[in-house]
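Novice: Pasted the sequence and its predicted model underneath.
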Amino acid sequence: MVLSDADIKKHLESGKIAITPKPDYTEQLGPCSVDFHLANNFMIFEHSKYPFIDPKNGKPTAEYMKEIIVPDGEAFIMRPGEFAIAYTVETLGLADDMLARLEGRSSLGRLGIVVHSTAARFDPGFDGQPVMELGNIGVMPVALYPGMRVCSFTFEYLSSPAETPYRKKKDAKYAGQKGPTASKLSQEFDKK
């Protein structure tokens, strides 16, 4: 069951859902979701340097990327066909019996911006800064401003608390992440 705005507030007060900094309910709270803001760091692929990415070669994906820090008041311009990894200003923490789902904002979708194209579920026990995959599938460049509301989270109960919440999994590649975190898929091949 998806939590209502009233239940989201109760869970924020009890600590079952932790959002830092504390949300401004007037601006961020919807009927069943909380909006998060875009941070100012982005990672983009240096496609002119590398012909392709091979996650099996053991090279960390971050080596194919460069970080861009957008100064206050300036915009990150996403051109058609471009992809970037970004993250939210807010940090999210979930109890062992809660999961969250990240959704892009319709207002950005109508400009051609896809927010978090895969893996929109945040597992019970997640704690960190949510990272998003951004893409521009439109025909025009779009300016994205750090601090703008970029996505929203909905929250749901599990049938019982998870036996092994995300933060306790030994192979939780993104537990406690801070900032735009590149893919760690190569770690899965390293284990074989």
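Specialist: That came through fine.

Novice: Show the subsequent helix or strand relative to the longest strand anywhere in the chain.
Specialist: Longest strand in the chain by number of residues (criterion: DSSP state E): strand 34-45. Scanning forward in sequence from strand 34-45 by DSSP states H and E, the next helix or strand is strand 65-69.

Novice: doesn't residue 85 make contact with residue 39?
Specialist: No. With contact defined as CB atoms under 8 Å, residue 39 does not reach residue 85; the gap is 11.0 Å. All C-beta spots, glycine's among them, are computed from the backbone N, C-alpha and C.

Novice: before we move on, back to that, which elements pack onto the longest strand of the chain?
Specialist: For strand 34-45, the packing partners by 3 or more CB pairs under 8 Å, 6 or more residues apart in numbering; DSSP states H and E come out as helix 25-28, strand 65-69, strand 83-88, strand 149-157.

Novice: okay, the shortest one in CSV with CA atoms only?
Specialist: Listed in CSV are the C-alpha atoms of helix 25-28, where the atom choice follows Å, rounded to 0.1, in the frame of the first residue of the first chain:
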residue,chain,number,x,y,z
TYR,A,25,5.8,20.2,3.3
THR,A,26,4.3,23.2,1.5
GLU,A,27,6.7,22.9,-1.4
GLN,A,28,7.6,19.2,-1.5
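
Novice: Nice, that's everything, thank you.
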